[in-house]
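Q: Mind looking at a prediction? Sequence and model below.
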Protein chains: 2
Amino acid sequence: MATIKVAILGATGATGSSIVNGLLQSSEPRYEITALTRPSSLEKPAVQGLKQKGINVVAADLEGPEAQLAEVLRGQEVVISAIDAAHLLSQIPLANASKAAGVGRFVPCFFATAAPPKGVMKLRDIEDVLNHIKQLYLPYTVIDVGWWYQITLPRLPSGRIDYAVIFPTGHIAGDGNAPSALTDVSDIGRYTARIIADPLTLNQMVFAYSELYTPNQVYDLLEQLSGEKIKRNYKSSETIEQEIAALKPERITPDHPELYALATVEYGYSWGVRGDNNPQYAKYLGYLLGNELYPDMKGKPFEQYCKEVLDGKGVGAYGSN
Amino acid sequence: MATIKVAILGATGATGSSIVNGLLQSSEPRYEITALTRPSSLEKPAVQGLKQKGINVVAADLEGPEAQLAEVLRGQEVVISAIDAAHLLSQIPLANASKAAGVGRFVPCFFATAAPPKGVMKLRDIEDVLNHIKQLYLPYTVIDVGWWYQITLPRLPSGRIDYAVIFPTGHIAGDGNAPSALTDVSDIGRYTARIIADPLTLNQMVFAYSELYTPNQVYDLLEQLSGEKIKRNYKSSETIEQEIAALKPERITPDHPELYALATVEYGYSWGVRGDNNPQYAKYLGYLLGNELYPDMKGKPFEQYCKEVLDGKGVGAYGSN
């Protein structure tokens, strides 16, 4: 049975946890997982929890000497980065060290919506990491998964799903008719486990999502399942453009505290107004589609997720409840 | 018989002339060609020469209103840009107008070596045109052709090929052992005519070159064919890095007069030292290869070009002799 050695950065985050679980559940291939951890975080309970799952935990200092980081990575076949958005540029030394260590596949931190490489979303603008990877001639795979189920639902008037809707959608960006790709956070890992074992996805971008819904369809479904009526607050493209302009994107550096505020508005603009987050546009951008590569690979249906949330069995994004 | 309507910008330049000839010589499909010309250049002899070849000549003002430019482009199935390197960013309004006009395929001005998208060559750095195209969701094809035969040869001690070697290679970048893709300028048009008729190349990058030679093999061949011995001036990677640093690339804007000086050194660094300009790296970068798509598509062999130059039948780059 094949075993692939994978190192993962950000293993205790929302995306990273899903990936760790997906890798652990894979039977073919099996994955031998190493969590790359900040030296100062080695004793944290979440990191200790990884050890109990049989995961190797090693200290990795992204700000330290690259040669030392390369030593830590030597022997790893795949390196996955699930770093937080405020530290995307820390992937540059990680990529350099991966190249030096002879890593066979580097998975930079994308795991988000399909979007054009530049000019629409600051989070993509600062993903010059991929260009750096290409300059290094480092084998890579980009994985995008669309928008998470866990941050898709609006509140219900009764408040009964507030426990699961930590980041409720308070408005509908645009006219609510743009189909957008959605995935349950818990499926990111299964998709990743499948994708990184496949030679066809080497040096490719893959868009692996579960279902396509327009925002209006999301509201329709939730109304139907809950029996409650939800007010739809549409936010026009002009309003969103004004909000983006007001945040003065040109001054937002990768480590700027308002990056998240900007990213939130720009995400809505990209998938809601422009309609970027769909498989046709992803194919145009050069992505392979997960459901074309692996027709048997199915994620949790969105309707099932909604029912679980209504039944009190939902889990919030970021595992926060 | 299929006829495809193509508009071309820069039809009288070195690349543009080759493309016009390649399109004219194509029998299947046939191309109906329109040259997009600066209003101030309509009366120039080279532009008048296009008319005599049966090419439509229309005024197109890249600095004018985009709606007006879109009117000029309406009905064109393909728009090809062979603009000069100092005006690459003028392709932004051309792309906008092409999108508005419903153009089915936009071919931005690449037609050069395989190289990473960012960080190695300023000419690529300013090719944010492709990112803009992707943001527009404008159908496109990128065509790169490698390095031209016409700027590959060194001088011979006898001076007998000086007439054809307008930009002689005075040194060898790196150790001279990096294989680099080469193409005769006159073949760019034939390759382009084939590529833009192919649905498989839509929204793709294509690397279509004729032969692979290392600089040392170029010198070997020319020595063998000429019977002359040529001094080999190797320039180390460290020297080239110093030359690049001395030019202070960070201050070179797209319209800077030293862009060419920088581009010349950076090209040598990219294909000579890094070895970027080869089919393996091009595939890694996501290019389709011309010789894999069209095994029957052959360009002029480099040896034949060398013999023609030695026989006094060569033509310089830029048609300048």
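A: Now that the structure is in, tell me what you want to look at.
Q: In chain A, what residue spans correspond to strands?
A: In chain A, the segments counted as strands under DSSP state E are A:3-9, A:30-37, A:56-59, A:78-81, A:105-107, A:141-144, A:147-148, A:172-173, A:180-183, A:204-207, A:211-213, A:234-235, A:287-289.
Q: okay, and for chain A, where does confidence drop off?
A: Scanning chain A for pLDDT under 70 picks out the ranges A:1, A:125-127, A:316-321.
Q: at 80 instead, please
A: A:1, A:124-127, A:167-169, A:254-255, A:315-321 (pLDDT under 80).
Q: Geometric centre of it: which residue is closest?
A: A:Phe111 (2.7 Å; C-alpha atoms, centre = their mean).
Q: Looks like that residue contacts A:Thr15 (just checking).
A: Yes - between A:Phe111 and A:Thr15 there is a contact at 4.9 Å, judged by C-beta atoms under 8 Å. All C-beta spots, glycine's among them, are computed from the backbone N, C-alpha and C.
Q: any residues in contact with both of these two?
A: Both A:Phe111 and A:Thr15 are contacted by A:82, A:188, under the criterion C-beta atoms under 8 Å, 6 or more residues apart in numbering or on different chains.
Q: A:Glu292 and chain B: what is the separation?
A: Here A:Glu292 is placed at a distance of 16 Å from chain B (C-beta to the nearest C-beta, to the nearest Å).
Q: Show the contacting residues for that residue.
A: Contacts of A:Glu292 by C-beta under 8 Å, 6+ apart: none found.
Q: which non-adjacent residue is nearest A:Ala178?
A: Taking C-beta to C-beta, 6 or more residues apart in numbering or on different chains, and ignoring the residues beside it in sequence, A:Ala178 has A:Gly275 as its nearest neighbour in space, at 3.7 Å.
Q: Need phi/psi at A:Glu228.
A: Torsion angles at A:Glu228 (phi, psi; degrees, to the nearest 10) stand at phi -110, psi 150.
Q: And the residue nearest to the centre of chain A, its phi and psi?
A: According to degrees, to the nearest 10, A:Phe111 has phi 50, psi 40.
Q: For chain B, see how far away it is.
A: For A:Phe111 relative to chain B (C-beta to the nearest C-beta), the value is 20 Å.
Q: just A:Leu89 next, same as before
A: 14 Å.
Q: what number of residues lie near the nearest residue to that residue once chain neighbours are set aside?
A: The shortest distance from A:Leu89 to any non-neighbouring residue, by C-beta to C-beta, 6+ apart, is to A:Pro254 (5.2 Å). Counted with other C-beta atoms under 10 Å in any protein chain shown, residues neighbouring A:Pro254 total 17.
Q: A:Asp276 is in contact with A:Val120, isn't it?
A: Yes - contact status for A:Asp276 versus A:Val120: in contact at 7.0 Å, counting by C-beta under 8 Å.
Q: what touches both of these two?
A: A:Ser270.
Q: ok, the two, which is more surrounded?
A: Neighbours per residue (other C-beta under 10 Å) separate A:Asp276 from A:Val120, with A:Asp276 holding more: 24 against 21.
Q: Can you name the residues that contact that one?
A: Contacts of A:Asp276 (C-beta under 8 Å, 6+ apart): A:113-116, A:120, A:270.
Q: contacting residues for A:Ala101?
A: Counted by C-beta under 8 Å, 6+ apart, A:Ala101 has contacts A:70-71, A:73-76.
Q: Just the buried ones among those residues, please.
A: Among those, the ones that count as buried by 16 or more other C-beta atoms under 10 Å in any protein chain shown are A:70, A:73, A:76.
Q: Check which residues of stretch A:231-243 are buried.
A: Applying 16+ other C-beta under 10 Å to stretch A:231-243 flags A:235, A:240, A:243 as buried.
Q: between these, which is nearest B:Ala60?
A: Nearest to B:Ala60, judged by C-beta to C-beta, of those is A:Ile240 at 33.7 Å.
Q: who's in contact with stretch A:258-275?
A: A:85-86, A:113, A:115, A:120-123, A:147, A:172-174, A:176, A:178-180, A:215, A:235, A:237, A:240-241, A:243-244, A:247, A:249, A:252-253, A:276-277, A:281.
Q: Which positions in that stretch come out as buried?
A: So for stretch A:258-275, counting by 16+ other C-beta under 10 Å, buried means A:259, A:262-263, A:265-275.
Q: Convert it to CSV, retaining C-alpha atoms only.
A: Presented in CSV, the C-alpha positions along stretch A:258-275 are these (Å, rounded to 0.1, in the frame of the first residue of the first chain):
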residue,chain,number,x,y,z
GLU,A,258,-8.2,46.0,7.5
LEU,A,259,-7.3,43.2,5.0
TYR,A,260,-10.2,41.1,6.3
ALA,A,261,-12.7,43.9,6.0
LEU,A,262,-11.6,44.5,2.4
ALA,A,263,-11.5,40.8,1.6
THR,A,264,-15.1,40.3,2.9
VAL,A,265,-16.4,43.0,0.6
GLU,A,266,-14.3,42.0,-2.4
TYR,A,267,-15.4,38.3,-2.0
GLY,A,268,-19.0,39.4,-2.3
TYR,A,269,-18.2,41.5,-5.3
SER,A,270,-16.3,38.7,-7.0
TRP,A,271,-18.8,35.8,-6.5
GLY,A,272,-21.9,37.9,-6.1
VAL,A,273,-21.6,40.7,-8.6
ARG,A,274,-19.0,39.4,-11.1
GLY,A,275,-20.1,35.8,-10.7
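Q: thought A:Thr214 was touching A:Gly176?
A: Yes - counting by C-beta under 8 Å, A:Gly176 is a contact partner of A:Thr214 at 6.1 Å.
Q: Pull the contacting residues for the nearest residue to A:Lys53 once chain neighbours are set aside.
A: Counting by C-beta to C-beta, 6+ apart, A:Leu24 is the residue found nearest to A:Lys53 once chain neighbours are left out, at 6.4 Å. For A:Leu24, the contacting residues are A:31, A:33, A:53-55, by C-beta under 8 Å, 6+ apart.
Q: In a markdown table, list the residues you listed along with neighbour count.
A: Putting those into a markdown table (neighbours: other C-beta atoms under 10 Å in any protein chain shown) gives the following:
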| residue | neighbour count |
| --- | --- |
| A:Tyr31 | 24 |
| A:Ile33 | 23 |
| A:Lys53 | 12 |
| A:Gly54 | 9 |
| A:Ile55 | 20 |
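Q: ok, so of these, who is nearest A:Asp187?
A: A:Tyr31 (16.6 Å).
Q: now that closest one: how far from A:Ala197?
A: Shown here: A:Tyr31 relative to A:Ala197, a distance of 9 Å by C-beta to C-beta, to the nearest Å.
Q: likewise A:Glu77?
A: Applying C-beta to C-beta to A:Glu77 and A:Ala197 gives a distance of 10 Å.
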